[in-house]
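Chemist: how would this look folded up:
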Amino acid sequence: MAPTMDGLYLGLISGTSADGIDAVLVRFTEGRPGLLAGLTHPWNDALRTRILAVAQDELRLDLDAYGQLDVAVGHAFAEAAQAVIGVAGVAAGDVRAIGSHGQTIRHRPGGDHPFTLQIGDPSVIAERTGIDTVADFRRADVAAGGQGAPLVPAFHATVLRPERGVRVVLNLGGIANVTRLGATGDVTGFDTGPANGLMDAWCLRHRGEPFDRGGLFAASGQVDESLLAELLDDAYFTLPPPKSTGREHFHLAWLDAHPRVAELSPEDVQATLLALSAVSVAEAIERHAADAVDVVACGGGVHNTALMHAIGARLEGRPLLASSAFGIDPDVMEAMAFAWLAYRRVRGEPGNLPAVTGARGPRLLGALYAAP
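Modeler: Predicted coordinates:
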């Protein structure tokens, strides 16, 4: 009988908001994941500022600067891995593999030469931790004609599939994505557009704070329906799935290109950005998962009370629940997904869902970087 490859796996990811490196340690038993420890490792402020500037195309790097940034991010990810190992109180040698998503700085799945680019040198992670590291999860799917994103729906199907009917899993990161889970096994999903990313960037510009705690900044303003209509007119929102997007599309320069922004108070713009996230999510669910009986939310946006209320008010009576109601911390769902993808890679099993990404078929995701 082939070995199951069960055991301890570590997941690492920094999302499009780059608000911290999420690190988890997961034990797999007969394929079922159990969380041992999780934390968010803070970025060095200067490094985070540089990452965001590159991701939003505000800073162009020469090859030397790019190489140095890749290695610096790798060291930060290694530190996050070491931190969660310390919290869990296990030995590094007991961890079978690390699944490192890295930090996305560009995602261009369309055009003549589609690509996706995540940095955070996995050789540095493997060297510093002494643990085999699986990284570069998205490019095999893109090479197969897929979007390379979202990848988490396959993990959602593992841990949140409903016993009956249809469920939507809503991930509220910098970008929002939805997964439609049918009890009979069908899975679809796609990025709906902005969740926290634009609000975070606007809050940083006008409040000097990296995010809108509880949505209080947005709640202090009024939605401008004219600006909201202009923003929702972006072609991305009406594209059919499979589709994916990121900060290289929905960033402050995109927002500033709308003249109405300069006429409004910062509070009213923030309120309108929150409405943009809520409306685009709700409309995507109504358009592509109208048969859903409930919506389960995860990601940092779960803590934005105003955003959750605005989404819930538009869900046509469907309950909006945090994933914590099902025993999964909303803050660690994505990091757990990359521990699971590493588990799949070590077992030699595909990690993508062609019905989600549009790839030509199932693909083994990620390259393995052996520890010394």
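
Chemist: give the contact list for residue 126.
Modeler: Residues near residue 126 by C-beta atoms under 8 Å, 6 or more residues apart in numbering: 98, 132, 133, 369, 370, 371, 372. In this view, the C-beta of every residue, glycine as well, is placed from N, C-alpha and C.

Chemist: of these, the lowest pLDDT goes to which?
Modeler: Across the contacts of residue 126, the smallest pLDDT goes to residue 372, namely 94.

Chemist: per-residue confidence at the closest residue in space to residue 135 that isn't next to it in sequence?
Modeler: Nearest residue to residue 135 in three dimensions, chain neighbours excluded: residue 122, at 3.6 Å (C-beta to C-beta, 6 or more residues apart in numbering). Per-residue pLDDT puts residue 122 at 98.

Chemist: how far is stretch 118-131 from where the chain is centred?
Modeler: Remark: stretch 118-131 is offset 20 Å from the chain centroid, using C-alpha atoms, centre = their mean, to the nearest Å.

Chemist: buried residues in that stretch?
Modeler: Residues 118, 119, 120, 121, 122, 124, 125, 126, 127, 128, 129, 131 are the ones in stretch 118-131 that count as buried (16 or more other C-beta atoms under 10 Å).

Chemist: Also stretch 70-89?
Modeler: 70, 72-85, 88.

Chemist: which residues are in contact with that stretch?
Modeler: 10, 12, 14, 21-25, 36-39, 41, 43-44, 47, 51, 91-92, 95, 98, 100, 102-103, 119-125, 127-129, 131.

Chemist: sorry, back to before: got the buried residues of stretch 118-131 as TSV, with secondary structure and distance to residue 57 columns?
Modeler: Below are the buried residues of stretch 118-131 laid out as TSV (DSSP: H, G, I helix; E, B strand; the rest coil; distance: C-beta to C-beta, whole Å):
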residue	secondary structure	distance to residue 57
118	strand	16
119	strand	15
120	coil	19
121	coil	22
122	helix	25
124	helix	25
125	helix	26
126	helix	30
127	helix	31
128	helix	30
129	helix	32
131	coil	34
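
Chemist: closest to residue 358 among those residues?
Modeler: Closest approach to residue 358 among the buried residues of stretch 118-131 (C-beta to C-beta): residue 118, at 19.2 Å.

Chemist: surely the closest one meets residue 101?
Modeler: Yes. Counting by C-beta atoms under 8 Å, residue 101 is a contact partner of residue 118 at 6.3 Å.

Chemist: Need the overlap of contacts for these two.
Modeler: 135, 137.

Chemist: so the residue nearest to residue 135 sits right up against residue 100, yeah?
Modeler: Yes. Counting by C-beta under 8 Å, residue 100 is a contact partner of residue 122 at 5.7 Å.

Chemist: hey, what's in contact with both of the two?
Modeler: 133, 134, 135.

Chemist: did I read that right, the second one in a strand?
Modeler: Yep, that's residue 134 we're talking about. Yes. Residue 134: assigned to a strand according to DSSP: H, G, I helix; E, B strand; the rest coil.

Chemist: which residues of the protein score low on pLDDT?
Modeler: For the chain, residues meeting the criterion pLDDT under 70 lie at 1-2.

Chemist: and after the helix ranked longest in it, which helix or strand comes next?
Modeler: In the chain, taking DSSP state H as the definition, the longest helix is helix 63-88. Once the chain leaves helix 63-88, the next helix or strand it forms, by DSSP states H and E, is strand 95-108.

Chemist: Which positions in that following strand come out as buried?
Modeler: Buried-residue list, strand 95-108, by 16+ other C-beta under 10 Å: 95, 96, 97, 98, 99, 100, 101, 102, 103, 104, 105, 107.

Chemist: Quick check: beta-bridge partners of the fourth one?
Modeler: I take that to be residue 98. Residue 98 has these beta-bridge partners by DSSP bridges: residue 10, residue 133.

Chemist: Show me where the protein has its helices.
Modeler: Taking DSSP H to define them, one finds helices in the chain at 45-55, 63-88, 122-129, 139-143, 153-160, 197-207, 216-219, 225-232, 252-256, 266-288, 305-312, 333-346, 354-357.

Chemist: Redo those as a markdown table? Include distance to residue 323.
Modeler: Output for the helices of the chain, formatted as a markdown table (distance: least, C-beta to C-beta, whole Å):
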| stretch | distance to residue 323 |
| --- | --- |
| helix 45-55 | 26 |
| helix 63-88 | 19 |
| helix 122-129 | 27 |
| helix 139-143 | 24 |
| helix 153-160 | 7 |
| helix 197-207 | 20 |
| helix 216-219 | 23 |
| helix 225-232 | 27 |
| helix 252-256 | 29 |
| helix 266-288 | 16 |
| helix 305-312 | 12 |
| helix 333-346 | 6 |
| helix 354-357 | 19 |
